[in-house]
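Chemist: Any chance you can model this:
(one chain, ligands or ions: 1)
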Amino acid sequence: MMKKIPTSHPRYLSLVTREQISEAMRHGIVHETGLIAHGRGEAFDYLLGETTIPPADVAEKIAASTLLCAKNPVISVNGNVAALAADVCISLAKSIPAKLEINLFHRTSVRIKKIAAFLRKKGAKTVYGLNPNAKIPGLDSDRALCEKEGIFTADIVLVPLEDGDRCQALQRMGKTVIAIDLNPLSRTAQAASITIVDNVTRAVPRIEHWIHELKDTKRSDLDKLIKTWDNTKNLAEVLSFISKRLNSLF
Ligand code: ATP
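Modeler: So this is what the prediction gives:
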């Protein structure tokens, strides 16, 4: 049972999110190490002011443009993403349209099935990842396992809460990797083609907002927009935002 948290609590949203993730762990959707990853994310979210900062919104707009131009876009879902952002990922996948594929570091067939059932209960029609028939080259962990129709042949992969190794391996395959990661210093953030430094719970709905805004834009105009993107420069803007914000607090 989820613990009842008084809405008047100053950290209400954060506490509800913690309950959500710990309940998902009790149901076998989140791996226990997912709680540690969540804690690291929370710390970085504090530095941002727990809001979508302007450079993140630009990244979200570019991510939407890229997803609209994709031939086979795939959203990769792990335990934490399912626990915190299942509804919004399903909704985003429908609006692009994109495929959903489960990919886990601590992979067990029980956990994959639980996450697939959870996503289906929430309205996902097709969920990839249950029957892997391909491997991402150069990765030793189970994260290499994927489906040919899904991540293996995807041109654009949206990877919320990724680890750096798979991000790099996907890029070596020639894919565009869009990462959502609250830590601008992580290997994933540094390696991705488009890094969105924002909470997955805010970033996914914001990408969907841009999908709706841009869906009637000419393909050539979207291409022009995408060409303006410089990931290193955007990450520098994120770090500068954080340091200015921290300085202004004292
Ligand atoms: P890397 O290999 O990229 O250096 P890592 O070893 O830190 O990453 P993980 O332990 O898999 O990778 O951590 C997942 C990442 O997800 C962390 O950087 C954390 O800041 C981030 N994260 C956690 N929760 C959220 C969230 N709700 N939204 C966005 N990012 C999050």
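
Chemist: first vs last residue of stretch 65-74, how far apart are they?
Modeler: This stretch, stretch 65-74, spans 14 Å end to end (C-alpha to C-alpha, to the nearest Å).

Chemist: List the buried residues for that stretch?
Modeler: Neighbour-count burial for stretch 65-74 flags S65, T66, L67, L68, C69, A70, N72, P73, V74 (criterion: 16 or more other C-beta atoms under 10 Å). Just so you know, the C-beta spots here come from the backbone N, C-alpha and C atoms, and that holds for glycine as well.

Chemist: What helices and strands are in contact with the helix or strand harbouring the third one?
Modeler: The secondary structure element spanning L67 is helix 54-69 (assigned by DSSP states H and E). Helices and strands touching helix 54-69, by 3 or more C-beta pairs under 8 Å, 6 or more residues apart in numbering; DSSP states H and E, are strand 156-160, strand 176-180, strand 194-196, helix 200-214, helix 219-227, helix 231-248.

Chemist: still on that earlier bit, could the buried residues of stretch 65-74 go into CSV alongside pLDDT and distance to the ligand?
Modeler: Output for the buried residues of stretch 65-74, formatted as CSV (pLDDT from 0 to 100; distance: C-beta to the nearest ligand atom, whole Å):
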residue, pLDDT, distance to the ligand
S65, 98, 21
T66, 98, 19
L67, 98, 18
L68, 98, 22
C69, 98, 24
A70, 98, 22
N72, 98, 24
P73, 98, 19
V74, 98, 18
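
Chemist: Among those, which one sits closest to Q190?
Modeler: The closest of the buried residues of stretch 65-74 to Q190 turns out to be T66 (C-beta to C-beta; 18.6 Å).

Chemist: roughly how far apart are that closest one and V177?
Modeler: 10 Å (C-beta to C-beta, to the nearest Å).

Chemist: joint contacts of these two?
Modeler: Taking C-beta atoms under 8 Å, 6 or more residues apart in numbering as the contact rule, T66 and V177 both touch I194.

Chemist: Which positions in this protein make contact with the ligand?
Modeler: Residues of the chain lying close to the ligand by C-beta under 6 Å from any ligand atom are 37-38, 40-41, 44, 84, 161, 163-164, 180-183, 186-188, 199-200.

Chemist: Emit the PyMOL select command for whichever of the residues you listed are buried.
Modeler: Filtering those down to the buried ones (16+ other C-beta under 10 Å) takes a single PyMOL command:
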select buried, resi 37+38+41+44+84+161+163+164+180+181+182+183+186+188+199+200
